[in-house]
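A.B. asks: here are the coordinates; sequence isn't available:
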């Protein structure tokens, strides 16, 4: 399905000394990202927020992409519209899709006005400089259309999507993003805060890319238990001809335990309780870190174990910017980093996942292959020495060679393996590490 790069982190323009130039900074990295195997970028909210130096999760003017002098300056913290379009065009030339963050639940930076339903003053008067999607108290809760919806966020005014003006404005905004700005999909922020029907309406829109009808990709941030994520997916995808995905938060926390706890039982990886293991692989976006969880709940130890899992299993994996660039886990040109795992994912990791072996310290799966991806064997070892066992694969009389591997103590290359006439061979991984074996074409 490809590999997403979350192309930002919290306060990244300041941290990277790229304030108001993030889009240009990203644009220059596109060719190398394409060569590494990334197929999509996830961008932060692109409109002008309540403050110019904001990550965008407190939207003020959805249509100001950095061209109007308001809220502290002209550009957004990331750049302007022309620079964003140049980034997107360059990404498309390199066969990389672009997804943008959609904040539909709440707004910030409005002027105080009286809500005529409950006579409470709230900051709900918005007169954006773009002149598009002006809002007043009737666009927020409470109003004549709805007293409240699923949840408010912080103390920011909570938009009412049942107001026909709000609903229509967001559909038009979506059309503009897809057709005029040329984005390819959306990450929906805080989906627990409003009705799933709003996301479904956006996902089912018939937009045009040139003369071709187009449905956007979508993934929701339902930061919750597996049961509640399933309920949200069922609600948003019922009668939806363009199903949406969800981030696999339960898997992320399971993988954090794997990395942080040397006594973690690898049998847990095959147990139910995540989207991937409960049969929802087709709608699971898997990840190790994002801009939220990394602040205060980061994976500190042996993070490559988690990346080896998401980049060999089913699901749509998402790599975090800081892991790849700032914390030096890419390791381009070696078999020991994220880049090698991305290559394994794109070239080999097709088809269904079959668990061939799972005990406390050893976990082996087979990807069965699909289309041009022939499949692979993945071995994860939680022990303190090299570990492996005999398993029966789908390949008979076949040589499989190590393609990617890593260990926190021993990065020696694993040996190639030859299956017998029945498909059996012994596959090994280094201590507290992994190995990915792929079939060798004669």
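C.D. replies: The structure has been received and is ready for your questions. Note that the structure is predicted; figures quoted are calculated from it, not measured.

A.B. asks: could I get the full set of strands for the stretch 201-350 of the chain?
C.D. replies: 207-209, 212-214, 217-220, 245-247, 284-287, 316-320 (DSSP state E, counting those that start in this stretch).

A.B. asks: closest to residue 59 out of those?
C.D. replies: Closest approach to residue 59 among the strands of the stretch 201-350 of the chain (Cβ to Cβ): strand 217-220, 17.5 Å. Where you see a C-beta, it was placed from the backbone N, CA and C, and this is true even at glycine.

A.B. asks: what helices and strands are in contact with the closest one?
C.D. replies: strand 97-102, strand 185-188, helix 196-203, strand 245-247 (3 or more Cβ pairs under 8 Å, 6 or more residues apart in numbering; DSSP states H and E).

A.B. asks: ok, which stretches of the stretch 51-200 of the chain are helices?
C.D. replies: 81-93, 164-176, 196-203 (DSSP state H, counting those that start in this stretch).

A.B. asks: nearest to residue 166, out of the helices and strands packed on strand 217-220?
C.D. replies: Taking Cβ to Cβ, helix 196-203 is the member of the helices and strands packed on strand 217-220 nearest to residue 166, at 9.2 Å.

A.B. asks: ok now the closest one, how far from the chain's centre?
C.D. replies: 19 Å (Cα atoms, centre = their mean, to the nearest Å).

A.B. asks: so what does it touch, helix or strand wise?
C.D. replies: helix 164-176, strand 217-220, helix 226-237.

A.B. asks: can you redo the strands of the stretch 201-350 of the chain as JSON lines with mean neighbour count and mean pLDDT?
C.D. replies: Converted to JSON lines, the strands of the stretch 201-350 of the chain look like this (neighbours: other Cβ atoms under 10 Å; pLDDT from 0 to 100):
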{"stretch": "strand 207-209", "mean neighbour count": "13", "mean pLDDT": "85"}
{"stretch": "strand 212-214", "mean neighbour count": "10", "mean pLDDT": "89"}
{"stretch": "strand 217-220", "mean neighbour count": "23", "mean pLDDT": "98"}
{"stretch": "strand 245-247", "mean neighbour count": "24", "mean pLDDT": "98"}
{"stretch": "strand 284-287", "mean neighbour count": "26", "mean pLDDT": "98"}
{"stretch": "strand 316-320", "mean neighbour count": "26", "mean pLDDT": "98"}
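
A.B. asks: and the ones you listed: which comes nearest residue 134?
C.D. replies: Of the strands of the stretch 201-350 of the chain, nearest to residue 134 by Cβ to Cβ is strand 207-209, at 24.1 Å.

A.B. asks: by contact count, what packs against that closest one?
C.D. replies: strand 212-214.

A.B. asks: quick check: neighbours of the strand it packs on in the sheet, parallel or antiparallel?
C.D. replies: strand 207-209 (antiparallel) (DSSP bridges).

A.B. asks: tell me which helix or strand in the chain has the weakest average pLDDT.
C.D. replies: strand 207-209 (a mean of 85; mean pLDDT, DSSP states H and E).

A.B. asks: now the end-to-end length of stretch 71-80.
C.D. replies: With Cα to Cα, to the nearest Å applied, stretch 71-80 spans 14 Å between its terminal residues.

A.B. asks: show me the contact partners of it.
C.D. replies: Outside stretch 71-80, the residues that touch it by Cβ atoms under 8 Å, 6 or more residues apart in numbering are 13, 19-24, 43-44, 46-56, 60-61, 64-68, 84, 109.

A.B. asks: then stretch 401-417?
C.D. replies: By Cβ under 8 Å, 6+ apart, stretch 401-417 touches 302, 304-305, 308, 335-337, 340-341, 343-344, 348, 376, 386, 399-400, 425-438, 440.

A.B. asks: repeat that for 7 Å
C.D. replies: 302, 304, 308, 335-336, 340-341, 344, 399-400, 425-438, 440 (Cβ atoms under 7 Å, 6 or more residues apart in numbering).

A.B. asks: same check on stretch 16-32?
C.D. replies: 7, 12-13, 75, 77-79, 83-84, 86-87, 90-91, 94, 96.

A.B. asks: now do the contacts for the residue most central in space within the chain.
C.D. replies: With distances taken as Cα atoms, centre = their mean, the residue of the chain nearest its centroid is residue 318 (4.5 Å). Shown in contact with residue 318 (Cβ under 7 Å, 6+ apart): 4, 6, 42, 285-287.

A.B. asks: state the pair within those residues that is farthest apart.
C.D. replies: For those, and using Cβ to Cβ, no pair is farther apart than 42 and 286, which are 13.3 Å apart.

A.B. asks: ok, residue 156 to residue 56 distance?
C.D. replies: 13 Å (Cβ to Cβ, to the nearest Å).

A.B. asks: which among the contacts of stretch 401-417 count as buried?
C.D. replies: 302, 304, 308, 335-336, 340-341, 344, 399-400, 425, 427-438 (16 or more other Cβ atoms under 10 Å).

A.B. asks: which ChimeraX command selects the buried ones in the contacts of stretch 71-80?
C.D. replies: To isolate the buried ones among those in ChimeraX, judged by 16+ other Cβ under 10 Å, type:
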select :13,19,20,21,22,23,24,43,44,46,47,48,49,50,51,52,54,55,56,60,61,64,65,66,68,84,109
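
A.B. asks: longest helix anywhere in the chain?
C.D. replies: helix 22-36 (DSSP state H).

A.B. asks: and the angle for that helix with helix 81-93?
C.D. replies: Orientation check (axes from the mean of the first three to the mean of the last three Cα atoms, to 10 degrees): helix 22-36 against helix 81-93 gives 0 degrees.

A.B. asks: what residues sit buried inside helix 22-36?
C.D. replies: Those would be 22-27, 29-30, 33-34, 36, for helix 22-36 by 16+ other Cβ under 10 Å.

A.B. asks: and stretch 394-413, by the same measure?
C.D. replies: Buried, per 16+ other Cβ under 10 Å, within stretch 394-413: 394-395, 398-400, 402-407.

A.B. asks: for stretch 164-176, same thing?
C.D. replies: Buried, per 16+ other Cβ under 10 Å, within stretch 164-176: 166-167, 169-170, 173-174.

A.B. asks: ok, how many other residues are close to the nearest residue to residue 295 once chain neighbours are set aside?
C.D. replies: Counting by Cβ to Cβ, 6 or more residues apart in numbering, residue 10 is the residue found nearest to residue 295 once chain neighbours are left out, at 6.0 Å. By other Cβ atoms under 10 Å, the residues close to residue 10 number 15.

A.B. asks: what secondary structure does residue 10 sit in?
C.D. replies: coil (DSSP: H, G, I helix; E, B strand; the rest coil).

A.B. asks: which residues are in contact with it?
C.D. replies: So residue 10 contacts 55, 291, 295 (Cβ under 7 Å, 6+ apart).

A.B. asks: quick one on the thing from earlier: make a markdown table out of the buried residues of stretch 394-413 and add secondary structure, pLDDT and distance to residue 208.
C.D. replies: Converted to a markdown table, the buried residues of stretch 394-413 look like this (DSSP: H, G, I helix; E, B strand; the rest coil; pLDDT from 0 to 100; distance: Cβ to Cβ, whole Å):
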| residue | secondary structure | pLDDT | distance to residue 208 |
| --- | --- | --- | --- |
| 394 | coil | 98 | 43 |
| 395 | coil | 98 | 45 |
| 398 | coil | 98 | 46 |
| 399 | strand | 98 | 48 |
| 400 | strand | 98 | 45 |
| 402 | strand | 98 | 46 |
| 403 | strand | 98 | 40 |
| 404 | strand | 98 | 40 |
| 405 | strand | 98 | 46 |
| 406 | strand | 98 | 45 |
| 407 | strand | 98 | 50 |
